[in-house]
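Enquirer: prediction below, plus the sequence it came from.
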Amino acid sequence: MKTLLLFFIVHYCWVFSSHAQGVVDLNSRINSILLRKELTGCMSAVIVKDLDRDSILYSRYEEFNLHPASTAKLYLASAYLLDKNPLDSVRTVVTVSRKPGFDLITLTGGGDPLFSLEDMEKVVQSLQRYPVRKNLHVRVDCSLFDSIPYGPGWVWDDLPYYYAPPVLAFAINHNAFHVTVSGASQGARVQVVPRLPGVRVESFVTVAERDSLLFLKPPYSNKVTVRGSIRSGSSKKERFSLWGPPEIALSILMANTNADSGYVTYHAAEPEQKPDTLLVIARSVREILRYMLVKSDNLSAEMLCKLLAARSGELPGSLQAGTRRIKDIIARAGLDTTRLVLADASGMSCYDLTTPENLHRLLEMMWRSEHQSQFLGLLPRGRKDGTLRYRFRHIPDAEHIRAKTGTITGASMLAGYVAFPAKTRISFVMFMQNFVGRAKTIRSIQDRIVKAIVQYALGKRREQLRK
């Protein structure tokens with residue numbers, strides 16, 4: 001009996017010391033990485049946790065209130081999965097109402113951020129097949145959401161660009177377009193893709209020995225002015241936000257139906273008696289969530305946020321009501337939201353704040369919930385897709401790293417899991433803010449930390465096998 005007891009004591013001490021040594025090694029590696037000169041003066045908050053052992057492996061500045069940037073989208077995605085009355089799909093609906101003396105076509109925006117030009121073509125085809133009367137009116141109904149296009153705390157000089165699109169109940173082509181300038185011997189060529197009503201470009205570009213282009217787009221406008229020079233054989237592209245997507249849709253409908261009049265409304269109309277439903281275009285919420293996290297798409301985040309409010313009965317849907325709903329859902333699931341500030345759902349707002357510890361607790365809560373596999377399935381995979389497609393190049397089997405990135409000027413975030421099957425599973429959060437220099441350099445430092453975490457996880461698995 002004494003021999004058996006001695007064996008267990010020795011075995012426990014060996015396992016404990018081995019684990020402690022692994023933690024010490026991981027700590028020293030992360031500390032040495034954080035001493036790099038590129039992080040001088042930078043706030044570097046890091047949390048690493050062994051989910052299997054339920055033990056913190058590394059923690060630094062976890063209690064500071066910091067800007068989450070696009071990692072804020074994790075709160076929204078979690079709320080959708082945790083909602084007791086989940087929404088399966090969003091729907092864009094086309095109806096025709098027979099009125100005295102005229103027909104009224106209504107395109108009702110249902111909050112689908114992925115509504116495409118191909119979808120718009122389906123709408124046009126459905127109308128062309130319908131026997132409407134000669135006196136035809138067209139309406140684009142955006143009453144599901146409020147008419148406020150931008151979130152509180154959005155910086156004005158972001159508004160011309162694709163990552164700050166207007167957030168209304170109807171979107172088309174991601175509410176974006178791009179302008180490409182190409183240099184050739186016969187002169188500069190400017191191309192707009194896609195070609196949409198009201199989008200125009202003024203070019204004052206010459207062909208010269210060096211590229212020096214300036215793209216100008218005022219907010220609340222679809223006019224782009226390009227000035228400067230471009231080399232022959234060179235090409236430059238800039239992507240912009242599309243202003244007035246409901247008005248764009250209205251122009252397309254009127255041009256393809258010969259309608260007599262048309263308008264966009266943000267006010268809910270009186271219920272009509274049995275309008276004819278011509279077309280319903282449905283999109284899975286799961287598809288939108290996946291696109292939002294993989295592509296870090298701000299439009300998807302903000303439209304889903306307003307949709308969350310509308311679904312709860314707060315009409316028209318607003319970002320204020322939507323973010324309040326996000327906090328309510330995750331708070332009921334057990335997350336402390338007292339220090340969480342969400343002015344929007346995408347992380348674009350300069351008012352957004354969270355602590356790294358709070359975001360990490362969200363990750364841990366979702367890991368231990370019944371939605372673990374669904375949540376993991378929504379996240380980008382290392383070296384595979386989205387914002388992680390070109391990350392973790394020197395880490396074997398990096399597709400088992402699932403994480404969300406976040407980037408704004410002077411700040412870079414990374415939060416997620418090292419989730420190798422049958423190996424030690426680890427969660428991590430990294431907030432690096434107020435640095436001077438390129439975000440690419442900071443991302444490479446984050447990748448080094450992830451590599452150290454992966455090596456720790458693989459080392460723990462080898463220990464388990466030896467036992």
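Expert: Everything's here; your move.
Enquirer: can you confirm residue 94 is in a strand?
Expert: Yes: counting by DSSP: H, G, I helix; E, B strand; the rest coil, residue 94 is located in a strand.
Enquirer: in contact with it, which residues?
Expert: When contacts are counted by CB atoms under 8 Å, 6 or more residues apart in numbering, residue 94 touches 105-108, 123, 126-127, 277-280. From N, CA and C alone the C-beta is placed, and that goes for glycine too.
Enquirer: distance to residue 84, pLDDT and secondary structure for the residues you listed - can I get that in CSV?
Expert: Listed next are the contacts of residue 94 as CSV, based on distance: CB to CB, whole Å; pLDDT from 0 to 100; DSSP: H, G, I helix; E, B strand; the rest coil:
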residue, distance to residue 84, pLDDT, secondary structure
105, 37, 93, strand
106, 32, 95, strand
107, 32, 97, strand
108, 26, 97, strand
123, 34, 96, helix
126, 35, 92, helix
127, 38, 89, helix
277, 29, 93, strand
278, 34, 94, strand
279, 31, 96, strand
280, 26, 97, strand
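Enquirer: between the residues you listed, which is nearest residue 457?
Expert: residue 280 (46.4 Å; CB to CB).
Enquirer: I'd say the closest one and residue 95 touch.
Expert: No: assessed by CB atoms under 8 Å, residue 280 is found out of contact with residue 95, at 9.6 Å.
Enquirer: for the helix or strand harbouring residue 455, packing partners?
Expert: Assigned by DSSP states H and E, residue 455 belongs to helix 439-466. Packing partners of helix 439-466 (3 or more CB pairs under 8 Å, 6 or more residues apart in numbering; DSSP states H and E): helix 2-34, strand 43-50, strand 401-408, strand 411-418, strand 426-433.
Enquirer: any idea which of these has the lowest pLDDT on average?
Expert: Ranked by mean pLDDT, these end with helix 2-34 in last place, scoring a mean of 63.
Enquirer: going by neighbour count, which of the contacts of residue 94 are buried?
Expert: 105-108, 123, 126-127, 278-279 (16 or more other CB atoms under 10 Å).
Enquirer: now the residues you listed in TSV, with distance to residue 253?
Expert: What follows is the buried ones among the contacts of residue 94, written out as TSV (distance: CB to CB, whole Å):
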residue	distance to residue 253
105	7
106	10
107	7
108	13
123	7
126	11
127	7
278	12
279	12
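Enquirer: and the nearest residue to residue 443 once chain neighbours are set aside, how many residues sit next to it?
Expert: Spatial nearest neighbour of residue 443, chain neighbours left out: residue 412 (5.9 Å); criterion: CB to CB, 6 or more residues apart in numbering. Using other CB atoms under 10 Å, residue 412 has 23 neighbouring residues.
Enquirer: repeat that for residue 98.
Expert: Neighbours of residue 98 using other CB under 10 Å come to 15.
Enquirer: what helix or strand is it located in?
Expert: Per DSSP H and E, the secondary structure element for residue 98 is strand 89-99.
Enquirer: list the buried residues of that strand.
Expert: 90, 92-97.
Enquirer: for that strand, give the mean pLDDT please.
Expert: Strand 89-99 comes out at a mean pLDDT of 93.
Enquirer: just stretch 246-256 next, same as before
Expert: pLDDT averaged over stretch 246-256 gives 95.
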